[in-house]
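Asker: sequence below, structure please.
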Amino acid sequence: MLKLIGLLLFIICWSNIAFTAKYYVNDNSITGDVFCTAVGSNTTGNGTSSAPYATFNKLWNVRTGTFSHGDTIFVDAGTYTSYSGGDGFGLNCGYTIQVRLHIKGAGQAKTIFDNQFFTSSNVKNGGSSTAVLNTYYFAQITGGAAGASINDIQFKKYQYKTNFTGQVFTINSLTSSTTNKVKFNNVVFSENGATGSGASGNSAVLLIYTFDQTNKVEINGGGFFCNGSATQYGGCIDILGGGASANLKLSISNVTFAGNQKNDSQYDGGVVIHTSGTFGTDSLNISNCLMDGNNLGFASNNCGSAIYLTTTSGTPKVTISNSIFRNNTISSSPSAGYGGSCYFAKGVISISGCSFENNAFSNGTVKGTLASNTATLTISNSSFSGNTANTANDIHMQGAGSVSVSNSTFNSSATNLSRVAGTFTVTNCGTPSSTGTITISGTSPSAFSSPSVPSYSGDCSSLNIVLPIELLSFEARKSENFNLITWKTAAEIENDFFTVFKSYDGHNFEVLGYVKGAGNTTIENSYSLVDRDRVDGIVYYQLKQTNYNGESQFSDLISIDNSLNTKAHLIKITNLLGQEISENESGVLIYHFSDGSNLKRFHH
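Answerer: The predicted model follows:
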């Protein structure tokens with residue numbers, strides 16, 4: 001009887017184990033590859049790391065309908081276009097994700113889906129024009145896909161012309177979930193949507209339709225660069241409220257929005273974020289983001305070259321912290337406009353630790369870099385400098401809502417604040433210049449510390465996304481009994497420490513160890529960490545860099561195959577004088593391997 005009970009328990013437990021699968025895609029090169037050991041082929045490939053498919057679309061067509069919760073698709077380094085793959089399997093568009101599927105690239109600058117503004121009129125290489133007539137977006141995330149994730153990929157030159165569908169992604173009709181999040185980790189969206197006046201396209205790069213569900217969406221790292229369209233809705237992210245019972249929790253952190261533009265006369269601003277519709281208890285949390293050089297090409301009354309927030313009904317809650325808004329502009333001349341950078345028609349808005357600098361809205365009659373209508377707007381510990389607008393350069397109160405500002409700095413000789421209606425109070429902000437009835441009291445604010453946000457270099461013709469450290473190399477080397485992970489930096493800015501993560505499946509990571517950073521330096525520094533818990537098979541490593549203020553960025557993944565018989569064993573460890581020492585000694589350690597190579601490591 002006991003054996004029978006044990007067998008039954010075993011069967012029950014076995015039936016509840018969730019098996020997940022891994023699938024692999026690679027181009028025709030192994031240069032820079034992380035996941036695959038061979039080039040891809042749509043003829044001989046089978047979707048494994050040693051025999052990957054050559055295109056994402058081939059894998060999808062072979063496996064469609066058979067993906068399960070937790071499955072992962074690894075897309076190795078390469079540029080995948082809608083015309084790659086001579087068998088017509090290179091389309092890379094029009095997918096529907098309905099399970100907790102994870103799509104992972106080798107890095108936002110390594111794995112690139114370039115849709116080349118694909119249209120049915122320029123189908124090549126055997127593709128069917130009728131089958132892809134309106135599928136120019138990458139994917140819709142819907143149904144049971146709460147918990148899906150997109151990681152370390154760049155999407156560029158996608159365009160879709162149908163309302164209520166995103167240019168690249170649409171998230172809608174998800175089954176309610178209080179725990180599972182749809183995640184975008186270190187994803188870059190660039191050059192999506194046609195640019196310039198008169199261009200077509202009716203929706204944002206990423207569209208989120210809330211409906212009456214409880215859902216969570218998280219965007220961490222990466223950025224939106226040089227996207228532009230004549231969209232009726234948001235330029236980068238559009239949030240459509242779908243009902244009074246909706247409960248969307250959207251978190252955006254460490255994301256750069258730069259060089260994006262929007263041109264349309266119907267739905268006002270929102271080059272970065274646009275909201276409309278009926279909301280319930282939805283909330284938006286923005287932290288440590290950079291919104292730089294975004295342009296609104298057409299504005300009627302309500303502007304917002306970065307953020308435009310309104311609702312048909314409901315009171316969404318918005319928190320913006322430790323972010324920078326700079327060099328945002330409006331190139332049209334609206335007859336009466338409010339909030340050149342951010343316009344809040346409704347909602348409960350909290351802004352803290354933010355910098356608004358050199359935003360220019362002097363065309364027409366744009367009032368304020370920030371403007372509120374009937375919203376409850378609270379601003380604290382923030383800075384306003386170099387902004388230009390009409391009536392007031394910095395903050396304008398138009399309707400029956402309220403504005404409260406505290407411990408913030410204003411660096412402009414012209415009018416900083418203006419009020420038409422509602423209540424407007426200012427505390428401990430010095431003596432900013434104002435017009436209208438505004439209550440100003442208290443002392444001067446303390447010195448403002450600029451927030452730490454992601455950085456980038458270049459412009460829309462030459463983009464280069466950079467970390468707060470300039471990473472020269474990040475490598476793993478196996479010895480007989482351990483793996484040695486090494487990396488070098490050419491420069492570091494406010495770098496507190498590094499964290500090295502380790503994974504056996506490329507998706508679930510654990511901390512291997514921590515290494516102290518050099519702070520601020522412009523000289524080359526070398527670092528290393530030993531992994532002695534080694535097993536046969538492929539192991540993945542990722543480097544995380546953390547600033548003094550707690551902000552962090554991740555490197556691309558690297559991998560090493562411990563099952564290969566190419567192990568060079570460690571012969572000895574010496575110091576700079578050639579004396580043999582233990583690895584616990586301080587100073588420069590030189591590892592000598594049996595293949596004649598050596599590695600230098602500095603041990604604190």
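Asker: against Glu510, how distant is Phe501?
Answerer: Distance from Phe501 to Glu510, counting by C-beta to C-beta, to the nearest Å: 7 Å. Glycine gets a C-beta too; all of them are placed from N, C-alpha and C.
Asker: oops, could you answer that again for Gly70 instead?
Answerer: Here the criterion is C-beta to C-beta. By it, Gly70 lies 17 Å from Glu510.
Asker: more crowded one of the two?
Answerer: Here Gly70 and Glu510 are compared on neighbour count by other C-beta atoms under 10 Å; more neighbours surround Gly70, at 16 against 8.
Asker: is it true that the more buried one touches Arg100?
Answerer: Yes: using C-beta atoms under 8 Å as the test, Gly70 is close enough to Arg100 to be in contact (5.8 Å).
Asker: can you show me the strands along the stretch 51-200 of the chain?
Answerer: Shown for the stretch 51-200 of the chain, the strands assigned by DSSP state E, counting those that start in this stretch span residues 72-75, 78-81, 95-97, 102-105, 111-114, 139-143, 149-151, 154-156, 169-174, 181-190.
Asker: can you put those strands in a markdown table and add mean neighbour count?
Answerer: Output for the strands of the stretch 51-200 of the chain, formatted as a markdown table (neighbours: other C-beta atoms under 10 Å):
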| stretch | mean neighbour count |
| --- | --- |
| strand 72-75 | 25 |
| strand 78-81 | 22 |
| strand 95-97 | 18 |
| strand 102-105 | 24 |
| strand 111-114 | 23 |
| strand 139-143 | 20 |
| strand 149-151 | 24 |
| strand 154-156 | 25 |
| strand 169-174 | 23 |
| strand 181-190 | 23 |
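Asker: could you redo these as JSON lines and give each row mean pLDDT and distance to Ser382?
Answerer: As requested, those are exported to JSON lines (pLDDT from 0 to 100; distance: least, C-beta to C-beta, whole Å):
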{"stretch": "strand 72-75", "mean pLDDT": "94", "distance to Ser382": "40"}
{"stretch": "strand 78-81", "mean pLDDT": "90", "distance to Ser382": "41"}
{"stretch": "strand 95-97", "mean pLDDT": "91", "distance to Ser382": "38"}
{"stretch": "strand 102-105", "mean pLDDT": "93", "distance to Ser382": "36"}
{"stretch": "strand 111-114", "mean pLDDT": "90", "distance to Ser382": "36"}
{"stretch": "strand 139-143", "mean pLDDT": "91", "distance to Ser382": "34"}
{"stretch": "strand 149-151", "mean pLDDT": "94", "distance to Ser382": "32"}
{"stretch": "strand 154-156", "mean pLDDT": "91", "distance to Ser382": "32"}
{"stretch": "strand 169-174", "mean pLDDT": "88", "distance to Ser382": "31"}
{"stretch": "strand 181-190", "mean pLDDT": "91", "distance to Ser382": "27"}
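Asker: which one of the ones you listed lies closest to Lys22?
Answerer: strand 72-75 (5.2 Å; C-beta to C-beta).
Asker: gap between the closest one and the chain center?
Answerer: 18 Å (C-alpha atoms, centre = their mean, to the nearest Å).
Asker: then it to PDB, C-alphas only?
Answerer: Output in PDB follows, covering the C-alpha atoms of strand 72-75 (Å, rounded to 0.1, in the frame of the first residue of the first chain):
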ATOM      1  CA  THR A  72      12.600  30.500 -24.800                       C
ATOM      2  CA  ILE A  73      13.700  31.500 -28.300                       C
ATOM      3  CA  PHE A  74      17.400  32.500 -28.500                       C
ATOM      4  CA  VAL A  75      18.200  34.700 -31.500                       C
END
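Asker: strand partners (parallel or antiparallel) of it?
Answerer: strand 22-25 (parallel), strand 102-105 (parallel) (DSSP bridges).
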